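Q: Return atomic coordinates for the entry below.
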Amino acid sequence: MECDFLVIGAGSAGCVLANRLSANPSNRVILLEAGIADRDPLLHVPGAVSRTLATPAVNWGYMSEPEPGLGGRSVPLFRGKVLGGTSTLNGMIYIRGNARDYDDWRQRGCEGWSYEDVLPFFRKAERNERGASEYHGGDGPLEVTRGRPVTPICEAFLAAAAKEGYATDVDFNAASQEGFGHYDVNIQHGRRWSTATAYLKPIMSRANLTVLTGAEANRLLFAGTRVVGAEVTRRGETLRINAARETLLAGGVFNSPKLLMLSGIGPAEQLQEFGLPVFVDRAAVGQNLADHVSYRMNFACNRPVTAFAHTRPIRGAKAVLQYAFHRTGILAGTSFPTGGFIRSHEDLEIPDLQVGLCMGLLPDPGNMLPSREGFTVTIRQGRPESRGEIRLRSAAPADLPRIMPRYFSNPSDMPVLIAGVRRLRKILLNDTMAPFIDHEIEPGQAVVDDDAALAESIRALSNTTHHFIGTCRMGGDPGSVVDPQLRVRGVSGLRVIDASVMPTHINGNTNAPTIMIAEKGAAMVLTG
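A: Residues are numbered from 1 along each chain as shown. Coordinates of the predicted model:
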């Protein structure tokens, strides 16, 4: 098969690339997706997140290696194996991060990636219901709507935050991030707005675009030091796909470094361990893995103010009917509609923590629904210093990589979360919330008062937020995996364009920045 541009991965970034590159009819584009099409109707129901995350057919099924920082637990790491990738499974929260996050990228040598540089691409992607403005786009493919929670506990939480002096109607994607409010979401008329819906579905009829599902790349193909395509397995058949202009790797934070290593681009000692050829000895491939570890606090309620009532048969049936006929109600929104950003210490210039309010109690592992009336508040450090890595499990393309996030391996991370938990509990336990709370399930005052006990609780109750970045780090230094134009160092004809290029974490959810990276990456490709 022949094309001009081969895009490997049809997730949050790949769908954007396919759209922008195929807009010119003279560009022949092939888009590969290892997973299936997003035909399951429940994938498009916002309130069905817990069900879709538990569906093996659309999930890669990654597990971390046992994590010392989480008490030796192995944790599930959800990644979408479906058109739209993780944007077809996630919580649909639209957050860009703080402007300073991108200015920091620029300071680290990523020329052209300051907030001033990337804001036009955020705006280009967006069709915000607020309309076009300095911070928002009004006619992009990606629907961005304001959160509209349907449970009283959300408004009670904002009232409690206001009593502690926080702003409570913050547009987190505008001038200031600090404070609380209802999150913007990628939902339109009660339906999930994934990148497959936004960018891919409207252009599937383009004659110059070929979308292949069930197609997994085994290795990149070389002509000398130039990447000229990929070897792909599809329906038991091995295909060679030749890319005349560029191959664009958008496999995500786990699969992009894996494919580079399988193709001979990576740490020489690791490639040699599995008998793989070494085309480019690049120690940084698979390194610099970062994630937001999320700690949860659980509260039981003494009245029906959370989502629990909708798990009962009659109320549940009414919710289904309301959604089916009107696209409204509890199933039409995200489980985490409300949250915000706070500082762990007053002397910080910008927030370093993100908070999320779940409308019900997060169920224990193995359960899909909460067991009683209550709610969960999560808190996570926005800019963790701990770094993990991705390593090959074997030389077989079908084997999933070994994933080691190494949470809390940097000693500076735990004190930030401890301080954040104490600050957040002042909101949760003030007089405004008291009428709604029966009791605190965890962690409890005795735990919070003791640093060692709280650290132990954090290790026991924390989990991934699935905000992985960094394994194909972008930088201006020769040791980085890609340069600021996203070109893989040491070869030509190959770029990585997904969240794996992010050099450091942003304080926020990662889907919106990934889409921005793809918008900017597509513009770079088209301008040479």
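Q: And for the lowest-mean-pLDDT helix or strand in the chain, what's in contact with it?
A: Counting by mean pLDDT, DSSP states H and E, the chain has its least confident helix or strand at helix 313-326, which shows a mean of 84. By CB atoms under 8 Å, 6 or more residues apart in numbering, the residues outside helix 313-326 that reach it are 45, 47, 190, 309-310, 328-332. (Glycine included, C-beta is placed from N, CA and C.)
Q: Any stretches of the stretch 301-450 of the chain with poor pLDDT?
A: Low-confidence segments of the stretch 301-450 of the chain (pLDDT under 70): 363-369.
Q: mind listing what Asn59 touches?
A: 53, 78-81, 89.
Q: still on that earlier bit, tell me what the very next helix or strand once past the least confident helix or strand of the chain is packed against?
A: Later in the chain than helix 313-326, the nearest helix or strand by DSSP states H and E is strand 338-342. Judged by 3 or more CB pairs under 8 Å, 6 or more residues apart in numbering; DSSP states H and E, strand 338-342 is in contact with helix 152-163, strand 179-182, strand 353-358, helix 413-428.
Q: and Ile441, how many neighbours?
A: The number of residues packed near Ile441 is 16, by other CB atoms under 10 Å.
Q: Over to it: give its phi and psi.
A: Main-chain dihedrals, Ile441, degrees, to the nearest 10: phi -80, psi -50.
Q: gap between it and Leu362?
A: 11 Å (CB to CB, to the nearest Å).
Q: Common neighbours of these two, please.
A: Asn298.
Q: for Gln51, helix, strand, or coil?
A: Quick fix: residue 51 reads Arg, not Gln. With DSSP: H, G, I helix; E, B strand; the rest coil as the basis, Arg51 sits in helix.
Q: Name the nearest residue to it, sequence neighbours excluded.
A: Spatially, and ignoring its direct neighbours in sequence, Arg51 is nearest to Leu42 (6.0 Å; CB to CB, 6 or more residues apart in numbering).
Q: wait, isn't that neighbour in contact with Ser50?
A: No: between Leu42 and Ser50 there is no contact, the gap being 10.6 Å when judged by CB atoms under 8 Å.
Q: What lies in contact with the helix or strand containing Pro513?
A: Take DSSP H and E as the rule and Pro513 turns out to sit in helix 511-526. Contact partners of helix 511-526, identified using CB under 8 Å, 6+ apart, comprise 5, 12-14, 16-17, 20-21, 24, 86-87, 90, 93-97, 117-118, 121-122, 124-125, 142, 173, 186, 195, 246, 248, 250, 485-486, 495, 497-499, 501-502, 506.
Q: if we can go back for a sec, among the contacts of Asn59, which are located in helices?
A: Among the contacts of Asn59, DSSP state H puts Leu53 in helices.
Q: out of the contacts of Asn59, which is most surrounded?
A: Neighbour counts for those, by other CB under 10 Å, peak at Gly80, which reaches 27 neighbours.
Q: partners of it in the sheet?
A: Asn59 (DSSP bridges).
Q: Which pLDDT value goes with Glu237?
A: Looking at Glu237, its pLDDT reads 95.
Q: Show me where the stretch 351-500 of the chain has its strands.
A: Under the criterion DSSP state E, counting those that start in this stretch, strands of the stretch 351-500 of the chain are mapped to 353-358, 374-381, 389-391, 402-404, 437-442, 463-464, 494-496.
Q: Ala162: which of these is closest?
A: Smallest distance to Ala162 across these (CB to CB): 14.3 Å, for strand 353-358.
Q: Determine how far the closest one lies from the middle of the whole chain.
A: Computed by CA atoms, centre = their mean, to the nearest Å, the chain-centroid distance of strand 353-358 equals 15 Å.
Q: Repeat that for stretch 485-497.
A: That offset, for stretch 485-497, works out to 23 Å (CA atoms, centre = their mean).
Q: now do stretch 252-267
A: Remark: stretch 252-267 is offset 19 Å from the chain centroid, using CA atoms, centre = their mean.
Q: list the buried ones in that stretch?
A: By 16 or more other CB atoms under 10 Å, the buried positions in stretch 252-267 come out as 252-267.
Q: average pLDDT across it?
A: In the prediction, stretch 252-267 has an average pLDDT of 98.
Q: still on that earlier bit, tabulate the contacts of helix 313-326 (TSV), appending neighbour count.
A: Below are the contacts of helix 313-326 laid out as TSV (neighbours: other CB atoms under 10 Å):
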residue	neighbour count
Val45	20
Gly47	22
Gly190	19
Ala309	16
His310	24
Thr328	15
Gly329	19
Ile330	24
Leu331	20
Ala332	20
